[in-house]
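Undergrad: Quick one: sequence plus predicted model below, questions after.
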Amino acid sequence: MLVAGAHGGLGQAASLACARAGARLVLLGRRIPKLNRLLDAIEREAGEALLYPLDLEGAGPDDYAELARRVESGFGRLDGLLHCAADFGGLTPLEHTDPAAFARAIHVDLTARWWLTQACLPLLRRAADGAVVFVVDDADATGQAYWGGYGIAQSGLHAMVRMLHAELASSPVRVCGLQPGPMRTPLLARAYVERERAAACEPERYAGACVTLLSAAGSARRGEVWRPGPDACGIDLPIVAER
Ligand SMILES: NC(=O)c1ccc[n+]([C@@H]2O[C@H](COP(=O)([O-])OP(=O)(O)OC[C@H]3O[C@@H](n4cnc5c(N)ncnc54)[C@H](OP(=O)(O)O)[C@@H]3O)[C@@H](O)[C@H]2O)c1
C-alpha cells in the first residue's frame, strides 16, 4: 500500500489505520523527520513500513518510474495507492495569486497525482484487486472565489476519477474518490473558513473510510466519489489482499 502525503493530517491517520489493518506500507512524504516519527508510531503497533522521501513539486516522471521500480523489487506488486498530499497556500484572489504558487498547486494537487498513478498502474494491475483512491475536496465549494489553484485542481481531480474509472472499467484496477468533511489539519487552518473550522473533526475519524476504500469492501464504491460522514466505518477492517 502506498500513501502519498503520509505525514499530513489525514495521511498519517490513514497510514496508521492501514498498518493496524495489516497492510505493509510505503510512506511517501517530503519531510524525513515527520516520516521517521510516523514510522516509529507504526512500528510501536507492530506494523511495517518503508519510507520514501520525495517532494512532489520537483519530482518528474523519471522519479516516479524509479519509485515504481523500487516498489516492484521490494513487493512485486502494489495493492493500493492513497493520494493524500495536497498543496494549498491559503485563500487569495486569483488576480493577486503569485504565479509560482498557482503553478505549484496545480502541479502538486493534479499533475503529480497523475504522474505517480501512471507510474504505479503496471504494479497495481498485478494485484488481485488494486485500488487507487484520490482524496478530494468539494469541487463546488472550492470552485468559489479565492480557492485558487487548489480549487481548480479539485475540479480536475473529480474529472480524473471519472475518466480513469471509465478507462479502467474492465481492468482489475479500481479507481474512486474520497471526499471527507472538514478536518482539523494544517490545510484547513490555512483556509480561515470559520464555520467549517468549527464543524471540523479530527482526521482520524476519516481513516476508517480510507481503509474501507483500499480493502476489498471498497469495490462497492468503484468509480464513485464517496462522501461519508465521520466514523462511517470501523477502522479494523482487514486489508485482505495484503500478505
Ligand atoms: N482538511 C480538510 O478539511 C479537508 C477537507 C476536504 C478534503 N481534504 C483533502 O484531504 C487530503 C489531505 O489533506 P489534509 O487535510 O490531511 O492536509 P495536510 O495535513 O495539510 O496534509 C497535506 C500533506 O501533503 C503534503 N505535501 C504538500 N506539498 C507537498 C509536496 N510538494 N510534496 C510532498 N508532499 C506534499 C504536506 O506535507 P508538509 O507536511 O510538508 O506540508 C502534508 O503532509 C487532501 O487531498 C485534501 O484536499 C481535506
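TA: Cool, the structure landed.
Undergrad: For the rest of this, base every contact and every neighbour count on C-alpha atoms.
TA: OK.
Undergrad: after the helix or strand bottoming out on mean pLDDT in the chain, next one along is what?
TA: Least confident helix or strand of the chain, by mean pLDDT, DSSP states H and E, is helix 194-199 with a mean of 72. Counting by DSSP states H and E, the next helix or strand C-terminal to helix 194-199 is helix 207-214.
Undergrad: Which residues belonging to stretch 36-56 are considered buried?
TA: 38, 39, 42, 47, 48, 49, 50, 51, 52, 54, 56 (16 or more other Cα atoms under 10 Å).
Undergrad: Give me the subset of those lying in strands.
TA: In strands, defined here by DSSP state E, the members of the buried residues of stretch 36-56 are 48, 49, 50, 51, 52.
Undergrad: Look up how far the ligand lies from the fourth one.
TA: Put plainly, it is residue 51. 13 Å (Cα to the nearest ligand atom, to the nearest Å).
Undergrad: quick one, what contacts the residue positioned nearest the centre of the chain?
TA: For the chain, residue 83 is the residue whose C-alpha lies nearest the centre (Cα atoms, centre = their mean; 1.8 Å). Listed by Cα atoms under 8 Å, 6 or more residues apart in numbering, the contact set of residue 83 reads 3, 4, 5, 113, 132, 133, 134, 135.
Undergrad: what stretches of the protein score poorly on pLDDT?
TA: 193, 195-196, 233-243 (pLDDT under 70).
Undergrad: the strands in it, which residues?
TA: Under DSSP E, the chain gives strands at 2-4, 24-29, 48-53, 80-83, 131-135, 174-178, 225-226.
Undergrad: Next, see if the shortest one gets close to the ligand.
TA: No - no part of strand 225-226 sits close enough to the ligand to count as contact by Cα under 6 Å from any ligand atom; the gap is at least 11.6 Å.
Undergrad: next one: phi and psi at residue 60?
TA: Backbone torsions for residue 60, taken as degrees, to the nearest 10, come to phi -120, psi 180.
Undergrad: mind listing what it touches?
TA: 112, 115.
Undergrad: What separation is there between it and residue 78?
TA: For residue 60, the distance to residue 78 equals 20 Å [Cα to Cα, to the nearest Å].
Undergrad: Go through the ones in strands among the buried residues of stretch 36-56 and say which is closest to the ligand.
TA: residue 52 (10.3 Å; Cα to the nearest ligand atom).
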